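J.: This is a predicted model, with the sequence first.
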Amino acid sequence: MRTRLFCALLLLAMALPAHAQLQINPGDMPFMLPPGRQAKTGTGRLRGRVVAADTGAIVRRAQVRISGPDIGSKTAFTDAQGRYEFRELPAGRFNVSVSKSGFVTMQYGQNRPFEPGRPIDLVDAQVMEKADVALPRGSAVSGRVVDEFGEPVSDANVTAMRMQYTGGRRRLVPAGRNSTTNDLGQFRVFGLPPGEYFVSASVRTLDSMVMDMFGGANVGGPTGSNTNSGYAATYYPGTPNAAEAQRLALSVGQEMSIELQLQPVRLAKIAGIATNSDGTPMSGAMVMLIPTMKEAVAMMPGGTSRTDKDGKFTLSGVAPGEYSLQAQSLAALMNAASQAMSMIGGGEGGTAAPAPQAMEREFATATVTVAGEDITGLTITGTRGAKASGKLSFEGGGKPENLASLRLIAASTDPDNAGAASSAFGRSSVKESGDFEIDGLVGGRVFRFANLPKGWHLKSITHDNEDITDKGFEFKPGDDENGFEIVMTNRTQVITGSVTNEKNEPVKEYTVVVFPEDQSKWTVTATRWRSAARPDQQGQFKIADLPPGRYLAIALEYIPEGEWMDPEWQARTARKAVAFTLQEGATQTLDLKLAGS
């Protein structure tokens, strides 16, 4: 049972769109060593001290995390003098982040909220002293969640959100930790950097999702009263509409108290039948409602259920909104979860854990708009989706070892429905021969990789001699598409350099952004053409792995994480940026002026 519950939690996480899962700054996201790759050791050392930014007082027992592609992630704690140390570090580039209750989690070299930290470059036997980090006091939003009668609501999930450009548009994304209300309806969301936030509350929890999935909550049987009345996700001060939410401006260390009143809405019931492509009932299938992500990233599905032996299903308590309704056999979903688990885990003795063989599975989908009225008589018909097969080739050297650890992901090209299109579908392993096969594909998909062999990078993806690397491929249900050719290369392009101010003095606090000159590459699916970097401890920046081509580069004193992905920002910035050509396999050195200097 425990395994089933874990798989259920994993599947619900897989249902979240890609841009919901990528809101962590690089310095906060620990590197994970791919299966079969062992952490390196060396003779380097890193020492530092953690203090409070406002008083300079030492911070004891702060958790310090160092991460890098050759070591994964390692942690240490500050001592009674606020000091920490990492030993036996190999030569390489590392990120360091520090967290402590009551403070904002910060990265080494980070000076402003939502700014990437600065990397640390070490050579063999180097000892770096004074890798110090100053932690600002965290801001907090506390208060109560009440119902329409002013009575407290317990077990409500409260989330602080901020407006951010992600997945092709500006939308509300979760920020910091969330909180659950107690029996008095009280909550406290803490550790927030200074900035502007929106607060939302929802009474739907992950536990209820799992219970609906396995407990048969919506698979027939008795019904209770008031099943058509409930609460949608509500934004402060009390609106289900994200566009009407009130912004909260927090300064450093500020605590703001609010009362958020949940707004009752008419809940709908969705009833229908799911059939396989041959007309037989899709019995014992999991049914899930995945909300679209146009205005805000929703962290929970809109509902879950299962079909009975006749393929019938009922989803109760559905709040108004736009959804994708999906049905797929539970056995196939568990198999998909096992495949996803194999992407994270490894085998014994450094041997990669083989991914489970994918099951032939059918799934049914439908687009549903709920406006408070029940939807009955809905019929959804299954398809196995499209199947894509092809081969990897390797340019510039021999084939890398342990290809079985390489994972292929077919991500949706529709950012507003990425979760609906990608839930539990579009993941596969690669065979040692370089052959691959991936099924369950619907709509536009773009191929990307996880656990790339060290030193290798994606160069191109073609189908019938057409380059689809960035634009992706449109899959039609039931089709078998063969002949995808994916070329990997170990030839790396590197951009390095430094930045000076108007007095030609070198500066160490900046961010360099590089983006393509060609505006057609300013799209969501072409993110591999854009990058940003902060300087290391010597004030030098380094960007690797961008494809060869024409680029624009600009150095800025400050830009929030991810802002450079916005095509409007790129259009405004292009006229002030420096143009250059990045040749294949070359190292390009840039000497940039700080913008505005």
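T.: Yep, it's here.
J.: what's the domain layout of the protein?
T.: Domain assignment of the chain by automatic domain parsing yields the ranges 44-135, 138-212+223-267, 384-491, 494-593.
J.: Looks like residue 115 contacts residue 511 (just checking).
T.: Yes. Residue 115 lies in contact with residue 511 (CB atoms under 8 Å); the separation is 7.2 Å. C-betas here are computed from N, CA, C, even on glycine.
J.: Just give me the neighbour total for residue 58.
T.: By the criterion of other CB atoms under 10 Å, residue 58 has 16 neighbours.
J.: same question, residue 94
T.: Neighbour count of residue 94, defined by other CB under 10 Å: 26.
J.: That one bridge partners, please.
T.: In this entry, residue 94 is beta-bridged to residue 120, by DSSP bridges.
J.: May I have the residues that are in contact with it?
T.: Taking CB atoms under 8 Å, 6 or more residues apart in numbering, we find residue 94 in contact with 46, 66-68, 71, 119-122.
J.: before we move on, what about residue 92?
T.: Counting by CB under 8 Å, 6+ apart, residue 92 makes contact with 40, 68-71, 121-122.
J.: Please apply the same query to residue 466.
T.: Going by CB under 8 Å, 6+ apart, the list of residues near residue 466 is empty.
J.: what touches both of residue 115 and residue 511?
T.: Common neighbours of residue 115 and residue 511 (criterion: CB under 8 Å, 6+ apart): 534, 558-559.
J.: Just the residues you listed: which are in strands?
T.: With DSSP state E as the criterion, strands contain none of the shared contacts of residue 115 and residue 511.
J.: hang on, the earlier thing: can you flag the weakest of the domains of the chain by average pLDDT?
T.: Mean pLDDT is lowest for domain 384-491 out of the domains of the chain, coming in at a mean of 84.
J.: How far does it sit from its chain's centre?
T.: Here domain 384-491 is found 19 Å from its chain centre; the criterion is CA atoms, centre = their mean, to the nearest Å.
J.: Same check on stretch 183-197?
T.: Stretch 183-197 sits 22 Å away from the centroid of its parent chain (CA atoms, centre = their mean).
J.: May I have it exported as CSV, CA atoms only?
T.: Coordinates of each C-alpha in stretch 183-197 appear next as CSV, following Å, rounded to 0.1, in the frame of the first residue of the first chain:
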residue,chain,number,x,y,z
ASP,A,183,-8.1,24.5,13.9
LEU,A,184,-8.4,28.3,14.4
GLY,A,185,-8.0,28.9,10.6
GLN,A,186,-4.6,30.5,11.3
PHE,A,187,-1.6,30.3,8.9
ARG,A,188,1.8,31.7,8.5
VAL,A,189,3.8,31.8,5.2
PHE,A,190,7.3,32.7,6.2
GLY,A,191,10.9,33.1,4.8
LEU,A,192,9.7,35.4,1.9
PRO,A,193,12.2,37.8,0.2
PRO,A,194,11.0,41.4,0.0
GLY,A,195,8.7,41.9,-2.9
GLU,A,196,5.1,41.9,-4.1
TYR,A,197,2.9,38.8,-3.5
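J.: mind listing what residue 96 touches?
T.: Residues in contact with residue 96 (CB under 8 Å, 6+ apart) are 27, 46, 48, 64-66, 107-108, 117, 120, 131, 133.
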